[in-house]
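Enquirer: Dropping the sequence and predicted coords here.
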Amino acid sequence: MSVKKFSSAYYVVNNMDLAVAFYQDILGLDVKFRDGDRWTQFDVGGVGVALADPSEGSVPPGGGATVVLEVGDLSEMREKLTENGVKVNDIVDMTGHGQYFTAVDPAGNIVQIFARS
């Protein structure tokens, strides 16, 4: 049996409303599905990025993989996040490939914001 498709990646969060506000209101992601405080899934260009209550997985809040979100204007997104009190790192140049910076969501998860050159 082989893998059928990539379903989604998710972060474990300890405050669903705060996390949804970050991803929906600040980053501008569209909510595809929400099951109260248990699960919220966003559609990011056909890929599922989700938030889960700690009871849903074995990864503690602030642990696990990193989601990389591609944007058109890196500086504009970094400024928006900073204006909203989000902790962000300096922009890193990947020499011809693109640039990125990392941000921290309300649960302490790392989100990488990337723009192609």
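Expert: Alright, I've got the coordinates. If you're wondering where the values come from, they're calculated on a predicted model, not measured in any experiment. Numbering: from 1, shown residues only.
Enquirer: shaky segments in the protein?
Expert: Per-residue confidence for the chain (pLDDT under 70) gives these ranges: 1-4, 7, 56-64.
Enquirer: for it, what spans make up the helices?
Expert: If DSSP state H is used as the criterion, the helices of the chain fall at 16-20, 74-83.
Enquirer: Can you tell me which of those is most buried?
Expert: For the helices of the chain, ranked by mean neighbour count under the definition mean count of other Cβ atoms under 10 Å, the leader is helix 16-20 at a mean of 17. Using the backbone N, CA and C atoms, a C-beta is placed for each residue, glycine as well.
Enquirer: Run through who's touching that one.
Expert: Applying Cβ atoms under 8 Å, 6 or more residues apart in numbering, the set of residues contacting helix 16-20 from outside is 11, 13, 31, 34, 36-38, 40, 51, 53, 105-107.
Enquirer: Give me the buried subset of these.
Expert: Buried residues within those, defined by neighbour count using 16 or more other Cβ atoms under 10 Å: Tyr11, Val13, Arg34, Asp37, Thr40, Leu51, Asp53, Asp105, Pro106, Ala107.
Enquirer: Not counting sequence-adjacent ones, nearest residue to the third one?
Expert: To tie it back to what came earlier, the one meant is Arg34. Thr40 (4.5 Å; Cβ to Cβ, 6 or more residues apart in numbering).
Enquirer: partners of that neighbour in the sheet?
Expert: Arg34, Leu51 (DSSP bridges).
Enquirer: can you check Val47 too?
Expert: Beta-bridge partners for Val47, by DSSP bridges, are Val44.
Enquirer: Give me the distance between it and Thr102.
Expert: Between Val47 and Thr102 the distance is 19 Å, computed by Cβ to Cβ, to the nearest Å.
Enquirer: With neighbour numbers in mind, choose between those two.
Expert: Neighbours were counted for Val47 and for Thr102 using other Cβ atoms under 10 Å; Thr102 has more, 17 against 13.
Enquirer: Adding distance to Val68, write the helices of the chain out as TSV.
Expert: Output for the helices of the chain, formatted as TSV (distance: least, Cβ to Cβ, whole Å):
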stretch	distance to Val68
helix 16-20	18
helix 74-83	12
